[in-house]
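>>> Give the three-dimensional model of this entry:
(2 chains)
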Amino acid sequence: MTILTINNLTRLFDDVVAVNQLNLEINSGELIAFLGPSGCGKTTTLRMITGLLLPTSGDVLFDGKSILNVPTEKRGAVMVFQKHLLFPTMNVAQNVGFGLRMAGVNRAEIDRRVSEMLELVRLPGYENRRPHELSGGQQQRIALARALIVKPNILLLDEPLANLDANLRLEMRELIRSIQRETGITSIFVTHDQEEAVMLADRIALMFEGVLQQFDVPQAFYQQPSTIGVARFFRNENFLTGTRSGDTVNTPLGTLKIDPNIVNQPNGDVVVSVRPEDVVLTTTINENCIHGELITHVYMGTYSQLQLMVNGNRWLVNGPIRFAGNKGDTVNLHLPTEQIWLLPKE
Amino acid sequence: MQRFIRWFTIIFIVVAVLAPVIPQIVWSFSFRWFFPDLLPTSWSLDSWEYVFTDSSRVGESFLNSLYIALLSCFMSILVGLPASRAIALHEFPGKAVIEWVLMVPIIVPGLVSTLGIHQVFIRLGLTDSYIGVSLVHLIPCIPYFVLVMTSVFANYGTLLEDSARTLGANPWQVFWNVTFPGILPGMTVALMFTFLISWGQYVTTLLIGGGKIITLPMVLFPFISGVNYSNASAISLIFVAPAILVLVLTSRQLGKESSVMGGFGRL
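Numbering: from 1, shown residues only, chains lettered A, B, ... in the order given. Down below sits the predicted model:
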């Protein structure tokens, strides 16, 4: 229920730029993923939103009001860290009730809301357990309850699923999603796992080395990546350089037609890209075709993954399960017009 | 086999700690005990009666020692707690120098530094006073306190405090509700060291106290040099009592919190 605006936010550590001129507008009730490789400035940004870290320049606004001069404890931006989750000297009830106790809420009210919260995270009756008696997933849920009980303006989760095994991760993912939907709290979570970001987030902010690359809905990162780097991060490395003129692109492997209805595409020197799952292996179609030299192919269970050399670039293409071929074979690749996406040349 | 080793260790420690005390217990009740007799030829309670008279000054000096040691503990917290936190959790220019300076008193004999400080204390009017004696006790106390607390803080980190801040606790609330309970076990051990180091000081107390501040070691030493072993033994038993008491009280922390003793790796 809070609109979060980040204006030209920059943070330097000595000479290193951790976050560089970040601009984001996050709507009320959205669930946002900060995605990027480790050290890209995701956690630094979260810390600046909480006030645990001061920005070098720029501004953070809640509902249009700058909160830079508001101390951490008054911001209502609650952060759940990935390690050292719970206060080890307190039991579960004391942990969950911590925020209310600090705010001076009366005992009966705290008790009532603690049991309500434990219900919400599906751990009813756990009041008297000690943190060390809980599993990693349970600790995570208690930490979530402890954050939600104060009805935060903004909920910040630092790699909430990083320390969990695969099954628990799935369960937690659903829990976070459903609780976030139910409470409508504007939330941001940090992750380096693009799948997690895609499955959980309304929108993803992808950052490399402190610079925002793209801020968009998950599909866009697959269908309309903004740069070669973004495409690579989402496992698309199928690139072919060319020159665009109108609705065609001239490449060293022939002229390709592109869909005139796809807007916001660059002109002039461009890079043609098609996702691995969108390339069609064909022997019959001749339109919009290029060829590559087969390096290797791997059986992946539901498809075969082909590695090809296409004009000096390594391409990955998803082929039929029963694909057969030898190293050095020439493979004909059809690039469907509506699947071609043009990237600016770097 | 493991059980055997465990029991062997326990018995070994008990023997090593208690065995040296046994002759003193015997001495304190003896009237006549000469070589080569295994036990005294005659017994008496004279030494213990003497210890509890006012003229022996044992009671008075015991309270002085206690007061000074507690004062040293208090001042160690005031100085050492912020220092160890800064060293453990922050990077700042000159950190290596400060760490080194803090360790110097462990290497340099207390007598040397105390002689220098004596001059300064005379000018400041701190000699012959409890506070002066406590202050000079800080020289050997602080390094051990900081050594233990640095490792406690480094192990504790700042994430729990950060969590508490975002949950709406102001810095003061964070300290009392999160940090303090978290470091308390480690601090108990650090204070045990501080207490015992102050409790055992002789030369520094003598110099700065100028003979006016009488602590237990100062009552004890004349009897040792005067070869009155009965009185010396009785007093030394009183002298060692708090040490054993403190050790027993904090032994659980010593066993549990391996991080607490981790600071000694830095020596």
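>>> For residue 42, grab the count of nearby residues.
I went with chain A, as the question did not name one. A count of nearby residues for A:Lys42, using other CB atoms under 10 Å in any protein chain shown, gives 27. From N, CA and C alone the C-beta is placed, and that goes for glycine too.
>>> you looked at the wrong chain, it should be chain B
Around B:Ser42 there are 8 residues (other CB under 10 Å).
>>> Next, the contact list for it, please.
Contacts for B:Ser42 (CB atoms under 8 Å, 6 or more residues apart in numbering or on different chains) come out as B:Ser30, B:Phe31, B:Arg32.
>>> Filter the residues you listed down to just the buried residues.
Among those, those buried by neighbour count (16 or more other CB atoms under 10 Å in any protein chain shown) are B:Ser30.
>>> on contacts alone, who are the packing partners of the host helix or strand of B:Thr205?
Element membership for B:Thr205, per DSSP states H and E: helix B:203-209. Secondary-structure packing of helix B:203-209 (3 or more CB pairs under 8 Å, 6 or more residues apart in numbering or on different chains; DSSP states H and E): helix B:110-124, helix B:130-156, helix B:216-225.
>>> Quote the end-to-end distance of stretch A:76-83.
Using CA to CA, to the nearest Å, one end of stretch A:76-83 lies 21 Å from the other.
>>> So which bits of it are buried?
Applying a neighbour-count criterion of 16+ other CB under 10 Å, one finds A:Gly76, A:Ala77, A:Val78, A:Met79, A:Val80, A:Phe81, A:Gln82 buried in stretch A:76-83.
>>> Stretch A:303-323 now?
Result for stretch A:303-323 [16+ other CB under 10 Å]: buried residues A:303-304, A:306-308, A:310-311, A:315-319, A:323.
>>> Send me that stretch as PDB with only the CA atoms.
What follows is stretch A:303-323, C-alpha atoms only, in PDB (Å, rounded to 0.1, in the frame of the first residue of the first chain):
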ATOM      1  CA  TYR A 303      14.200 -32.300 -26.100                       C
ATOM      2  CA  SER A 304      17.700 -32.400 -27.600                       C
ATOM      3  CA  GLN A 305      20.000 -29.500 -27.100                       C
ATOM      4  CA  LEU A 306      22.100 -28.700 -30.100                       C
ATOM      5  CA  GLN A 307      25.200 -26.700 -30.000                       C
ATOM      6  CA  LEU A 308      26.000 -25.100 -33.400                       C
ATOM      7  CA  MET A 309      28.400 -22.600 -34.800                       C
ATOM      8  CA  VAL A 310      26.500 -19.900 -36.700                       C
ATOM      9  CA  ASN A 311      28.700 -17.400 -38.500                       C
ATOM     10  CA  GLY A 312      31.300 -17.600 -35.700                       C
ATOM     11  CA  ASN A 313      28.800 -17.500 -32.800                       C
ATOM     12  CA  ARG A 314      27.900 -20.400 -30.600                       C
ATOM     13  CA  TRP A 315      24.100 -21.100 -30.800                       C
ATOM     14  CA  LEU A 316      22.000 -23.300 -28.600                       C
ATOM     15  CA  VAL A 317      18.900 -24.700 -30.200                       C
ATOM     16  CA  ASN A 318      16.200 -27.000 -28.800                       C
ATOM     17  CA  GLY A 319      15.700 -29.800 -31.300                       C
ATOM     18  CA  PRO A 320      13.500 -32.900 -31.400                       C
ATOM     19  CA  ILE A 321      14.100 -35.600 -28.900                       C
ATOM     20  CA  ARG A 322      15.200 -38.100 -31.500                       C
ATOM     21  CA  PHE A 323      17.600 -35.800 -33.200                       C
END
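>>> Run the chain-centre distance for that stretch.
The chain centroid and the centroid of stretch A:303-323 are separated by 27 Å under CA atoms, centre = their mean, to the nearest Å.
>>> thinking again about what came up before, could the buried residues of stretch A:76-83 go into CSV alongside secondary structure, pLDDT and distance to chain B?
Shown next, in CSV, are the buried residues of stretch A:76-83 (DSSP: H, G, I helix; E, B strand; the rest coil; pLDDT from 0 to 100; distance: CB to the nearest CB, whole Å):
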residue, secondary structure, pLDDT, distance to chain B
A:Gly76, coil, 92, 8
A:Ala77, strand, 95, 6
A:Val78, strand, 95, 5
A:Met79, strand, 94, 4
A:Val80, strand, 92, 8
A:Phe81, coil, 89, 5
A:Gln82, coil, 83, 9
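>>> elements contacting the top helix by length along chain B?
Assignment by DSSP state H gives helix B:58-89 as the longest helix of chain B. With contacts defined as 3+ CB pairs under 8 Å, 6+ apart, helix B:58-89 has these neighbours: helix B:95-107, helix B:130-156, helix B:180-199, helix B:216-225, helix B:229-256.
>>> quick one, which of those helices is packed in tightest?
helix B:130-156 (a mean of 23; mean count of other CB atoms under 10 Å in any protein chain shown).
>>> Give me the phi and psi angles of residue 12.
Just going to use chain A. phi -110, psi 140 (degrees, to the nearest 10).
>>> wrong chain, I was asking about chain B
phi -60, psi -50.
>>> how many other residues sit next to it?
10.
>>> and it, how far is that from chain A?
For B:Phe12, the distance to chain A (CB to the nearest CB, to the nearest Å) stands at 32 Å.
>>> next one: B:Phe223
Using CB to the nearest CB, B:Phe223 is found at 47 Å from chain A.
>>> Next: B:Ser65.
Remark: distance between B:Ser65 and chain A (CB to the nearest CB) = 33 Å.
>>> got the contact list for that residue?
B:Ser65 makes contacts with B:Trp199, B:Thr215, B:Leu216, B:Pro217, as judged by CB under 8 Å, 6+ apart.
>>> ok, back up a step: kindly reformat the helices and strands packed on helix B:203-209 as JSON lines containing mean pLDDT.
Formatted as JSON lines, the helices and strands packed on helix B:203-209 follow (pLDDT from 0 to 100):
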{"stretch": "helix B:110-124", "mean pLDDT": "87"}
{"stretch": "helix B:130-156", "mean pLDDT": "92"}
{"stretch": "helix B:216-225", "mean pLDDT": "84"}
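>>> and these as a markdown table, adding distance to A:Arg107?
Shown next, in a markdown table, are the helices and strands packed on helix B:203-209 (distance: least, CB to CB, whole Å):
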| stretch | distance to A:Arg107 |
| --- | --- |
| helix B:110-124 | 51 |
| helix B:130-156 | 28 |
| helix B:216-225 | 48 |
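>>> among these, which is nearest B:His90?
Of all these, it is helix B:130-156 that lies closest to B:His90, at 10.1 Å by CB to CB.
>>> Next SSE downstream of the closest one?
Taking DSSP H and E, what comes next after helix B:130-156 is helix B:159-166.
>>> Give me the residues contacting that following helix.
Against helix B:159-166 from outside (CB under 8 Å, 6+ apart): A:50-52, A:72-73, A:75, A:77-81, A:83-85, A:87-88, A:98, A:102, A:143, A:156, B:171, B:173-174, B:177-179, B:182.
>>> Pull out the buried residues from those.
So, by 16+ other CB under 10 Å, the buried ones in those are A:50-52, A:72-73, A:75, A:77-81, A:84-85, A:87, A:98, A:102, A:143, A:156, B:173-174, B:177-179, B:182.
>>> what's around B:Asp37, how many residues?
Quick note: B:Asp37 (other CB under 10 Å) scores 10 neighbours.
>>> Got the confidence number for the residue in the stretch 1-150 of chain B positioned nearest to chain A?
Nearest residue of the stretch 1-150 of chain B to chain A (CB to the nearest CB) works out as B:Glu91 at 10.3 Å. Looking at B:Glu91, its pLDDT reads 88.
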